[in-house]
Structures are given as structure tokens and as C-alpha cells.
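In: any chance you could fold what I've pasted below:
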Amino acid sequence: MNPAAIYVRTDKGAGEVAQRSQAIPSRARSLLMLIDGKASGAQLLDKFAAYPNAAEFLQLLEDGGYIAAVAGAPPAASAASAAAPAQEEPGLAEAKRLLVQTLLEVFGPDADQFTGKVDAARTRAELRAVGEKYRDLIADFGKRKKSEAFWQRFEPLVPAA
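Out: Numbers count the residues shown, from 1 in each chain. Prediction:
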């Protein structure tokens, strides 16, 4: 992994997120979902330092062709098309990343069973409904403060219509 290069999801990576083919370990898929085309290799390693074996999983994703390094900042159009194979409302990526990251923090590798619905949401209304469901699930899991903190950050990103 090149520490200076920006990493983006490839078409293969976007397909894996959308289809969940079980071709990669669930932890690697969870990290793949958080690749946004804005972070360098060094930033990704820092960002995922809390996840066990993150460096190995990132290398697996790169070697398998799920992510790729680009020389500089990627053009906005290519980053958007790599991150979202189907059309979605602009600005949803940040809200999706927050929701996936929160699910990973609460459920660890078991979060993978929930992240598919997050990725499938294409509108603010769809993502808000998924977020509300998972907010309640996190609270029911005994993490009420985490649920409330998540919602305070998430709700402004997907305001009610």
C-alpha cells in the first residue's frame, strides 16, 4: 500500500459491496465500504488502526483489485461512480460512512449483516429510515448513549422531509 496515494473503490470493489459475493472476509468488506476516494494509504491506516489486522485487510483489498491507488486526488466523477454503481442523491456518502462506522464500533465484525441495507439506500428518506431502525437497534443492544451520539451526528445529514 502506497502511503501517499489516494485509494478509491474499483468497479470490482463497488460490485462486491453491492452484491456481497462472500469473496472476501466480512471485516475486509466492512473496511471496503468505508473507502471514500479521499484518503491516502497513510490516512486509511490511521483511520482503521483500531480494527484488528486492518493493514492486512487493506492489502488484501488492493491485491484483489477491490481498491486502487490513484496518483493524485481522483476526479469527482470517477470517485462518485466508483463509490456508487447506481445513482444516489448527492451528499449521502458521508451519512453512510457515519452509519457504517457506528455499526462497526458497536457490533464489530457482526455489523456486516446490517451494512448491505445502508449501501442499498439511494435517497435521504431511505437512508434516514435505515438509520432510525439501526439507532433503535443500537439502543436496544444496551448502547443508548452511543445511539444518541450517533443520531445527533446523523440526523443533520439526512433531515426529515
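
In: which residues of the protein fall in helices?
Out: Taking DSSP state H as the criterion, the chain carries its helices at 11-19, 26-33, 41-47, 54-63, 76-83, 92-107, 112-120, 124-140, 144-154.

In: how about the CA coordinates for the third one, as PDB?
Out: The C-alpha trace of helix 41-47 is given here as PDB (Å, rounded to 0.1, in the frame of the first residue of the first chain):
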ATOM      1  CA  GLY A  41      -2.900   5.000   2.200                       C
ATOM      2  CA  ALA A  42      -1.400   6.500   5.400                       C
ATOM      3  CA  GLN A  43      -4.700   8.100   6.300                       C
ATOM      4  CA  LEU A  44      -6.500   4.900   5.800                       C
ATOM      5  CA  LEU A  45      -4.100   3.000   8.000                       C
ATOM      6  CA  ASP A  46      -4.500   5.700  10.700                       C
ATOM      7  CA  LYS A  47      -8.300   5.700  10.300                       C
END
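
In: buried residues in it?
Out: Counting neighbours by 16 or more other CB atoms under 10 Å, one finds that the buried residues in helix 41-47 are 41, 44, 47. The C-beta positions use only the backbone N, C-alpha and C, and glycine is treated the same way.

In: do the same with the first one
Out: Residues of helix 11-19 classed as buried by neighbour count (16+ other CB under 10 Å): 13-14, 16-17.

In: picking that back up, return the member of the buried residues of helix 41-47 nearest to residue 23.
Out: Minimum distance to residue 23 across the buried residues of helix 41-47 is 20.5 Å, recorded for residue 44 (CB to CB).

In: domain parsing for this protein?
Out: Following automatic domain parsing, the chain resolves into domains at 6-83, 92-157.

In: just send those back as a markdown table, with mean pLDDT too.
Out: Listed next are the domains of the chain as a markdown table, based on pLDDT from 0 to 100:
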| stretch | mean pLDDT |
| --- | --- |
| domain 6-83 | 77 |
| domain 92-157 | 88 |
